[in-house]
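Participant: Just to be clear, the model below is a prediction. Sequence and coordinates:
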Amino acid sequence: MRRLDDWKSRLSAYVLACGTRPLEFGVWDCSLFGADGVEAVTGVDIAADFRGRYTTFRGGLRVVRKAGFADHLAVFDHFLGPRIRWMAATPGDLAAVTGEDGSPAVGIVQGAGIYVLAPAGGLTIAPLDAALMAWRVGDV
């Protein structure tokens, strides 16, 4: 998977468009936020087989397990390759932080921060050093 030539502007436009959109599992959740970030950077939709097929976190786990993955993080492992150390993550990469419910939430790296979904809707920024894991998105 390669980064598109205009990935920076595509990713910026995507993040700006997130606005105050509320959480809706299967439509707008942390995994789909990360997958949409991958699509903005590479043009590849790694979540096409999962969109709209669940309405709860547990339902999402059932869907990815039925597809042969241990959890939502394993989907990112499969499509993006081996995890990288958080300090090696650069803008456009993905990282996971501890979500409000204690499970890993996937976000998009931007400098020293990670855009993640805010519980009340829209986005917030977590510090990069809060990352539990990270993935390189495309060839840089």
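Facilitator: Cool, got the structure. This is a predicted model, so every value here is computed, not measured.

Participant: Check the gap between residue 16 and residue 9 for me.
Facilitator: Look at residue 16 and residue 9: by CB to CB, to the nearest Å, they are 11 Å apart. In this view, the C-beta of every residue, glycine as well, is placed from N, C-alpha and C.

Participant: hey, what's the nearest residue to residue 113 once chain neighbours are set aside bridged with?
Facilitator: Distances taken as CB to CB, 6 or more residues apart in numbering place residue 125 nearest to residue 113, at 4.1 Å, with adjacent residues excluded. Beta-bridge partners recorded for residue 125 (DSSP bridges): residue 115.

Participant: from now on call the first residue 278
Facilitator: That works, and once the first residue is 278, the last one we named lands at residue 402.

Participant: what about residue 402, how many residues close to it?
Facilitator: Residue 402 is flanked by 14 other residues according to other CB atoms under 10 Å.

Participant: which of the residues in the lengthiest helix in the chain are buried?
Facilitator: Assignment by DSSP state H gives helix 307-319 as the longest helix of the chain. Across helix 307-319, burial judged by 16 or more other CB atoms under 10 Å covers 307-319.

Participant: Now flag whichever of these is closest to residue 410.
Facilitator: Closest approach between these and residue 410, by CB to CB: residue 311, at 11.8 Å.

Participant: Would you mind listing where the chain has pLDDT under the threshold?
Facilitator: Residue ranges of the chain with pLDDT under 70: 417.

Participant: quick one, strands of it?
Facilitator: 360-361, 371-375, 381-387, 390-394, 400-404, 410-412 (DSSP state E).

Participant: wait, which of those strands is closest to residue 278?
Facilitator: Closest to residue 278 of these is strand 410-412 (CB to CB; 11.0 Å).

Participant: helices and strands around the closest one, which ones?
Facilitator: Helices and strands touching strand 410-412, by 3 or more CB pairs under 8 Å, 6 or more residues apart in numbering; DSSP states H and E, are helix 349-357, strand 360-361, strand 371-375.
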